[in-house]
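Enquirer: from the sequence below, what's the structure:
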Amino acid sequence: MIILRYILFPVVPIYYLVTWLRNRFYDLGIFESKSYNLPLICVGNLSVGGTGKSPMIEYLIRLLKDEKHIATLSRGYKRNTTGYYLADENATATTLGDEPFQFYKKFKNHIKVAVDADRQNGIQRLMQHEICPEVILLDDAFQHRKVNAGLNILLSTYDNLYTHDWVLPTGNLREPRSGANRAQIIVVSKCPSNLNASEKGQIIKKIKPKDDQNVFFSSIQYDKRVYSEVKSLNLDALDKFTLVTGIANPKPLLNHLKSQGLDFEHFNFPDHYNFTKKDIELFARRSVILTTEKDYVRLYQNKELKNNLYYLPIGVSIDENNRFDALIKDFTTA
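Expert: Residues are numbered from 1 along each chain as shown. Coordinates of the predicted model:
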């Protein structure tokens, strides 16, 4: 795969030019970007997958849900439905997409969760509900420029900053690095918990934020317990288990579990992987299966796994969280 990326390097200038021109046309107003009279917060990235968008969306939900009517709007990647779809009691990971269903399963009593590849249509449909959302969180919509979000939060991982990356297909960037200029907030995600001030300063120098941009640092927070539909256990109570992941970057999770001295085997699948009947039969032969929350919502309805399937929740801890929270709340109340 790495060799193929280098072979395809001649395509990089073409991809760069096409994406740069697209953004330039939006900046100049040649392509129309629609604004709305309610707060829209976009959470996205420049690279493909694995920067921690879902934990950030959940952080924002927890921050705002007691004060505002919140809705999330996602594309609904790999769902088997089309068009606008609002989550209800009949929703599943298959009809909604795994990450939106994760939001719904966790926060269904507090928020609306909708999916639509056409974000303009999705926003319009949400605004037509009897109780109109007061804030809409746009998940993975940084490149969806047909919508002009009032606040853009750009995520980039500590170990793979966009400042060091190339555009596709040789690199992982969906658009040139200059796209970061559209963000009001840049979050360096998945940082070590002991990141010191000097290291933060070096990273900020690499990012070179504009005067109106704020840079924050976040780290993953793993729960001390694992959960199923019927019970929970201390993570350190797991004895020789099987880890199943279908996420973009399982490395931080692997490092965390190894740091706890846990004994496990790892089955690694591509991001948003659709588990097959054969996979389920394989998992059912294991005594304990541990997975991520995103993978769990695609697995838990299989009866074969009812008694041996657990997930490990994660959250996000933001350095200078009071300043970050203030920026978000100021935007939603302006």
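
Enquirer: what does the longest strand along the chain contact?
Expert: Counting by DSSP state E, the longest strand found in the chain is strand 214-222. Applying CB atoms under 8 Å, 6 or more residues apart in numbering, the contact partners of strand 214-222 are 52, 55-56, 158, 184-193, 195, 200, 203-204, 207, 209, 235, 252-253, 256, 312-320, 323-324, 327. (Each C-beta comes from the backbone N, C-alpha and C, glycine too.)

Enquirer: okay, now the unreliable bits of the chain?
Expert: 1 (pLDDT under 70).

Enquirer: who's in contact with the residue sitting nearest the centre point of it?
Expert: Centroid check for the chain by CA atoms, centre = their mean gives residue 53 as the closest residue, at 2.3 Å. By CB under 8 Å, 6+ apart, the contact set of residue 53 is 43-45, 99, 139-140, 155.

Enquirer: buried sites along stretch 284-297?
Expert: Buried residues in stretch 284-297, counting neighbours by 16 or more other CB atoms under 10 Å, are found at 284, 286, 288-297.

Enquirer: sorry, back to before: closest to residue 247 among the contacts of residue 53?
Expert: Top of the list for closeness to residue 247, among the contacts of residue 53 and by CB to CB, is residue 99 at 10.3 Å.

Enquirer: hang on, that closest one in a helix?
Expert: Yes - assessed with DSSP: H, G, I helix; E, B strand; the rest coil, residue 99 lies in a helix.

Enquirer: any idea how far residue 101 is from the closest residue in space to it that isn't next to it in sequence?
Expert: Of all residues not flanking residue 99 in the chain, residue 54 sits nearest, at 5.1 Å (CB to CB, 6 or more residues apart in numbering). Separation of residue 54 from residue 101 (CB to CB, to the nearest Å) stands at 11 Å.

Enquirer: what residues of stretch 102-114 count as buried?
Expert: Quick answer for stretch 102-114 (16+ other CB under 10 Å): 102-107, 111-114.

Enquirer: what's the answer for stretch 112-130, then?
Expert: Buried, per 16+ other CB under 10 Å, within stretch 112-130: 112-116, 119, 122-123, 125-126.

Enquirer: ok, and what's touching stretch 60-69?
Expert: With CB under 8 Å, 6+ apart as the criterion, stretch 60-69 contacts 41, 43, 70, 72, 103, 107, 110-112, 131-135, 137, 325, 328-329, 332.

Enquirer: now these: which count as buried?
Expert: Here, 16+ other CB under 10 Å leaves 41, 43, 70, 72, 103, 107, 111-112, 133, 135, 137, 328, 332 buried among the contacts of stretch 60-69.

Enquirer: so which of the residues you listed are in strands?
Expert: 41, 43, 70, 72, 111-112, 135, 137.

Enquirer: max pairwise distance over the residues you listed: which two?
Expert: Maximum distance among those (CB to CB): 16.6 Å, for 43 and 112.

Enquirer: residues contacting the closest residue to residue 168 other than its chain neighbours?
Expert: Counting by CB to CB, 6+ apart, residue 168 lies nearest to residue 15, which is 5.6 Å off, once chain neighbours are set aside. Neighbouring residues of residue 15 by CB under 8 Å, 6+ apart: 167-169.

Enquirer: strands of the stretch 151-300 of the chain, residue ranges please.
Expert: For the stretch 151-300 of the chain, applying DSSP state E, counting those that start in this stretch gives strands covering 151-157, 185-189, 214-222, 225-227, 232-234, 241-245, 264-268, 289-292.
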